[in-house]
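> model the following, please.
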Amino acid sequence: RPLVSALIPPGITPKFTVPVKHLLGFGGTQGMLEIGDEYVIYRTDAPKDSRIWPYQDISSVGTTGPYQLRLTSMDRAEGGSGAERNFVFNLKERLTTEAYDFVWWKINGPQISSYARK
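So this is what the prediction gives:
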């Protein structure tokens, strides 16, 4: 599940950064999506909406085009149990093929590699 945190640990250097709007019901929050070697991070000034996902906690990634990205991960509601949740981001800059392929491989590559060894 993603770690909900207003304080993202320092020293994490992203490979790709894109300004985004995290869609939430009838609104959303503005921030930056950072794609790094170990994590995907959503940084925002909105309380309770910053998140950090280790790749092993993301079950899927998808897009409907170069200006939208969806991450699916477990999320725990306050005081409740966890369930898979889609985190949808409208991108304010075009997501490069290189950035999308990087995230896709970080999530799916280990599964493909372990399946190929069987």
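> just the helices in this protein please.
97-117 (DSSP state H).
> now do the strands in it.
3-4, 16-24, 27-35, 39-44, 51-54, 58-65, 68-76, 82-91 (DSSP state E).
> could you dump those strands to a markdown table with distance to Asp101?
Heads up, the C-betas are built off the backbone N, CA and C, glycines and all. What follows is those, written out as a markdown table (distance: least, C-beta to C-beta, whole Å):
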| stretch | distance to Asp101 |
| --- | --- |
| strand 3-4 | 25 |
| strand 16-24 | 11 |
| strand 27-35 | 11 |
| strand 39-44 | 14 |
| strand 51-54 | 18 |
| strand 58-65 | 10 |
| strand 68-76 | 13 |
| strand 82-91 | 15 |
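> hmm, Ile107 is touching Ile58, no?
Yes. Ile107 is in contact with Ile58 according to C-beta atoms under 8 Å; the separation is 5.2 Å.
> for Ala99, which of the strands of the chain is the nearest?
strand 16-24 (4.1 Å; C-beta to C-beta).
> in its sheet, what does that closest one sit against?
Strand pairing for strand 16-24, determined by DSSP bridges: strand 27-35 (antiparallel), strand 82-91 (antiparallel).
> okay if I get those as a markdown table plus mean pLDDT, distance to Ile52 and mean neighbour count?
Formatted as a markdown table, these follow (pLDDT from 0 to 100; distance: least, C-beta to C-beta, whole Å; neighbours: other C-beta atoms under 10 Å):
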| stretch | mean pLDDT | distance to Ile52 | mean neighbour count |
| --- | --- | --- | --- |
| strand 27-35 | 95 | 9 | 17 |
| strand 82-91 | 89 | 12 | 15 |
